[in-house]
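Q: The sequence isn't on hand, but the structure is:
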């Protein structure tokens, strides 16, 4: 089966001489939910821009479902729906018109475009606002509008460049649910995000790009398995006077009711709880100190201050 | 994209462009009507009554074609330059760039918008003119064809200006320092026969003179220039500007990094 997106030796040198991509190779399988992560300025948006024809490549090849953008650009474009990082709709246009016009640019007849606009605006909770100018929407609504717009021609590949930036938790979760449904229905999704929890939860495969080079390209499960140890934060029911001695685990007392425990890959949580129970320690809740993907991400790209 | 899909895409751009300027008709349609009414009142009725006939027509009647075409020129240009640059500025031009719609259709959509506004304003200004003076019609087809071709030409010019523009200043420089002087010196208010021979020769290098006079021929049947030369100039400019604008869009000049 042809990959949904195939990049080979992709190079981008901007006019100011900055090389944004140093010959990257990447394949995204059909039906995948793929995370493309990297620090700010790593080359994610340039990669997405080239794939979606908004940025001219310097050299290399790009194929979308087998359509080469050099020889079959229109067919490649027709396969892609793009949700860019910045709002890029006419803020003075009514919501429904933005969708219907976008569908028109893909050759979708007007009546069908209205039907699809109604469906996607309903699914994303914007139907009631369909006659409002886009500038009247909240930030979260604008993000959802861009997703609806990207879907209105029913693309096989949906590319989302930080789709949940600045969106509150409740809406973010509803967007995750929606995207998971779209993916389950067969749409390939490529996602860049600031929220590594989002990538960990949604994506099956991942590439990490840094300084215009792919530094990691694997499945999410394999990547997370590489984590040597994770730090768990335990909330204890009874106060703790000092750090307890738990055989096989490094511990650190944070305060009377909070204990940090480092669990290495060869240890397991059952053993930890057995050790805790043996010392009559009751755990009321448990969480990871940091997101597991975030720990790996920082390790892979070096701690440069900005995640993704 | 098959032909039907291309037609749908073109219509989507055209409808969007037409809705854009009709929604803000107070800014787009009304001002030229008021300005033209003032021109007729001041130049036509007050000053024109002192001038007498030009080429056998009362001065008020003589300047009608030029005033209509001047309005068509400025509005066609303004429509496309502001719409396309606005789309660049807000990045919503990307809505079209990511879609499989060919660049020449994007151009035709914007030019169609400029043409629609040019014709709409031309009709509105003609209506205003009729309050002041009767307007003869020597040749309907010449009048309509020159008006539409001129509108297309300046829509293309506005598009090229917008492609190059990097700021809002850049979209006002050409209209202010090039278009307005050429229009005012393009025989809107006078016949070149009124000028000294040296300035007559200089005037013949002004392309707008050919358009104004060709349109005047369509309405009044008089012209300072050869009609065939006027059509050739207009069509030649359209072909040249169309090719150049398409080249710029295909290269992604000003719209793709």
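A: Done, it's in. Values in this document were obtained by computation on a predicted structure and should not be read as measured data.

Q: residues from chain A in reach of chain B?
A: Residues of chain A lying close to chain B (Cβ under 8 Å from any Cβ of the partner chain) are A:14-15, A:49, A:52-56, A:73-75, A:77-78, A:80, A:82, A:84, A:86-91, A:93, A:97, A:100-110, A:149, A:153. All C-beta spots, glycine's among them, are computed from the backbone N, C-alpha and C.

Q: Just the ones in helices from these, please.
A: The members of those that map onto helices under DSSP state H are A:49, A:73-75, A:77-78, A:97, A:100-105, A:110, A:149.

Q: Out of those residues, which is nearest to chain B?
A: residue A:104 (2.5 Å; Cβ to the nearest Cβ).

Q: can you count the residues close to the closest one?
A: Residue A:104 has 26 neighbours, counted by other Cβ atoms under 10 Å in any protein chain shown.

Q: now do the one 3 residues further on
A: As a burial measure, the neighbour count of residue A:107 was computed by other Cβ under 10 Å and equals 24.

Q: ok, it - contacts?
A: Going by Cβ atoms under 8 Å, 6 or more residues apart in numbering or on different chains, residue A:107 touches B:1, B:2, B:4, B:5, B:6, B:8, B:9, B:100, B:101.

Q: Can you tell me the closest non-neighbouring residue to it?
A: The shortest distance from residue A:107 to any residue other than its chain neighbours is 2.6 Å, reached at residue B:5 (Cβ to Cβ, 6 or more residues apart in numbering or on different chains).

Q: Now do the contacts for that neighbour.
A: Residue B:5 touches A:106, A:107, B:100, counting by Cβ under 8 Å, 6+ apart.

Q: out of those residues, which one sits closest to residue B:16?
A: Of all these, residue B:16 sits closest to residue A:106, with 14.1 Å by Cβ to Cβ.

Q: is it true that that closest one touches residue A:78?
A: Yes - Residue A:106 lies in contact with residue A:78 (Cβ atoms under 8 Å); the separation is 6.4 Å.

Q: where do the helices sit along the chain?
A: No chain in the question, so chain A it is. So, for chain A - with DSSP H - the helices run A:44-51, A:73-79, A:95-105, A:110-123, A:139-151, A:169-184, A:196-202, A:220-225, A:269-278, A:292-301.

Q: Chain B was what I was after
A: Assigned helices in chain B, in chain order: B:3-23, B:25-28, B:30-39, B:48-51, B:59-89, B:94-97, B:103-132, B:140-164, B:170-174, B:180-184, B:197-203, B:207-220, B:227-251 (criterion: DSSP H).

Q: for chain A, what are the nearby residues on the stretch 51-200 of chain B?
A: B:86-87, B:90-92, B:94-102.

Q: ok, now with 7 Å
A: Within the stretch 51-200 of chain B, the positions adjacent to chain A are B:90, B:91, B:92, B:94, B:95, B:96, B:97, B:98, B:99, B:100, B:101 by Cβ under 7 Å from any Cβ of the partner chain.

Q: Can you verify my assumption that the third one contacts residue A:92?
A: No - if you go by Cβ atoms under 7 Å, residue B:92 and residue A:92 don't touch, sitting 10.0 Å apart.

Q: show me where pLDDT drops low in the stretch 101-250 of chain B?
A: Across the stretch 101-250 of chain B, nothing is flagged by pLDDT under 70.

Q: one step back: list just the nearest of the residues of the stretch 51-200 of chain B next to chain A to residue B:118.
A: residue B:96 (21.9 Å).

Q: tell me the contacts of the closest one?
A: A:105, B:13, B:106 (Cβ atoms under 7 Å, 6 or more residues apart in numbering or on different chains).

Q: State the distance from the closest residue to the last one other than its chain neighbours to residue B:87.
A: For residue B:106, ignoring the flanking residues on the chain, the nearest one in space by Cβ to Cβ, 6+ apart is residue B:96 at 5.3 Å. With the distance defined as Cβ to Cβ, to the nearest Å, residue B:96 ends up 8 Å from residue B:87.

Q: Next one: the closest residue to residue A:265 other than its chain neighbours, what pLDDT does it get?
A: Nearest residue to residue A:265 in three dimensions, chain neighbours excluded: residue A:228, at 5.6 Å (Cβ to Cβ, 6+ apart). Here the pLDDT value assigned to residue A:228 is 71.

Q: re earlier: when residue B:92 and residue A:92 are compared, which one has more neighbours?
A: Counted by other Cβ under 10 Å, residue B:92 and residue A:92 do not tie: residue B:92 has more neighbours, with 23 against 14.

Q: follow-up on the earlier one: could you identify the most distant pair in the residues of the stretch 51-200 of chain B next to chain A?
A: B:90 and B:100 (21.8 Å).

Q: Please say which of these two ends up with more neighbours.
A: residue B:100 (21 against 16).

Q: Quick check: that one vs residue A:71, distance?
A: 14 Å.

Q: Name the residue of the stretch 101-250 of chain B with the shortest distance to chain A.
A: For the stretch 101-250 of chain B, Cβ to the nearest Cβ, closest residue to chain A: residue B:101, 5.0 Å.

Q: now that residue, nearest residue through space, not along the chain?
A: Nearest one to residue B:101, counting by Cβ to Cβ, 6+ apart, is residue B:9 at 4.1 Å.

Q: contacting residues for that neighbour?
A: Going by Cβ under 7 Å, 6+ apart, residue B:9 touches A:104, A:105, A:107, B:1, B:101, B:105.

Q: Buried residues, the lowest-mean-pLDDT helix or strand in chain A. List them.
A: Every helix and strand of chain A was ranked by mean pLDDT, DSSP states H and E. The lowest is helix A:292-301, at a mean of 74. Neighbour counts over helix A:292-301 (16 or more other Cβ atoms under 10 Å in any protein chain shown) mark A:292, A:293, A:294, A:295, A:296, A:297, A:298, A:301 as buried.

Q: low pLDDT regions in the stretch 51-200 of chain A?
A: Residues of the stretch 51-200 of chain A that meet the cut-off, pLDDT under 70, do not exist.

Q: Could you find the closest non-adjacent residue to residue B:133?
A: Nearest to residue B:133 is residue B:60, by Cβ to Cβ, 6+ apart, at 4.6 Å.

Q: number of nearby residues for that neighbour?
A: Neighbour count for residue B:60, taken as other Cβ under 10 Å: 21.

Q: doesn't residue B:44 make contact with it?
A: Yes - using Cβ under 7 Å, residue B:60 makes contact with residue B:44 at a distance of 3.7 Å.

Q: so what sits against both of those two?
A: With Cβ under 7 Å, 6+ apart as the test, residue B:60 and residue B:44 both reach residue B:132.

Q: Would you enumerate the residues in contact with the closest residue to residue B:91 other than its chain neighbours?
A: Nearest residue to residue B:91 in three dimensions, chain neighbours excluded: residue A:88, at 3.8 Å (Cβ to Cβ, 6+ apart). Residue A:88 makes contact with B:90, B:91, B:92, B:94 under the criterion Cβ under 7 Å, 6+ apart.

Q: Include distance to residue A:187 when you put the residues of the stretch 51-200 of chain B next to chain A into CSV, please.
A: Shown next, in CSV, are these (distance: Cβ to Cβ, whole Å):
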residue, distance to residue A:187
B:90, 27
B:91, 24
B:92, 24
B:94, 21
B:95, 20
B:96, 22
B:97, 22
B:98, 16
B:99, 18
B:100, 18
B:101, 22
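
Q: contacting residues around the closest residue to chain B within the stretch 151-300 of chain A?
A: The nearest approach of the stretch 151-300 of chain A to chain B comes at residue A:153, 7.8 Å away (Cβ to the nearest Cβ). Residue A:153 makes contact with A:81, A:103, A:106, A:108, according to Cβ under 7 Å, 6+ apart.

Q: which one among these gets closest to chain B?
A: The closest of the contacts of residue A:153, once distances to chain B are taken by Cβ to the nearest Cβ, is residue A:106, at 5.3 Å.
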